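Trainee: dropping the sequence and predicted coords here.
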Amino acid sequence: MNTSALKPLASSISFDTDFMSIEFRDGRRLSVPLAYFPRLLHATESQRQTYEISGGGVGLHWDELDEDISVEHLLTGMMDRTNSPPLKQAA
């Protein structure tokens, strides 16, 4: 089986008031709450629209906002971990 055929690749992004929607090359669409990504939530519409789809579709990048999102991580439910509490060390 060709695993690259199964790899999620973004083709475009759109926004509404509360959600970012990612359109994939295979026709799927995923919407995620902007609340998951505070930099995008608080950005202007112009800043949100100034993005780059990187790595042939594997990443989403906003240079002005210093935001990078892995498409694969979006599909697994990961959100921005910038302000996440630190992991506890095992004793």
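Mentor: Received, thanks.

Trainee: which residues does the closest residue to V58 other than its chain neighbours contact?
Mentor: With CB to CB, 6 or more residues apart in numbering as the criterion, V58 has its nearest non-adjacent residue at 5.4 Å, and that residue is V71. (Glycine included, C-beta is placed from N, CA and C.) Residues in contact with V71, defined by CB atoms under 8 Å, 6 or more residues apart in numbering, are P8, L9, A10, I22, F24, G57, V58, G59, L60.

Trainee: show the buried residues in those.
Mentor: Buried residues within the contacts of V71, defined by neighbour count using 16 or more other CB atoms under 10 Å: P8, A10, I22, F24, G57, G59, L60.

Trainee: isn't the third one right next to F15, touching?
Mentor: No: no contact is recorded between I22 and F15 when judged using CB atoms under 8 Å, the distance being 10.5 Å.

Trainee: show me where the chain has its strands.
Mentor: Remark: strands assigned in the chain by DSSP state E are 10-15, 19-24, 29-33, 52-54, 59-62, 67-70.
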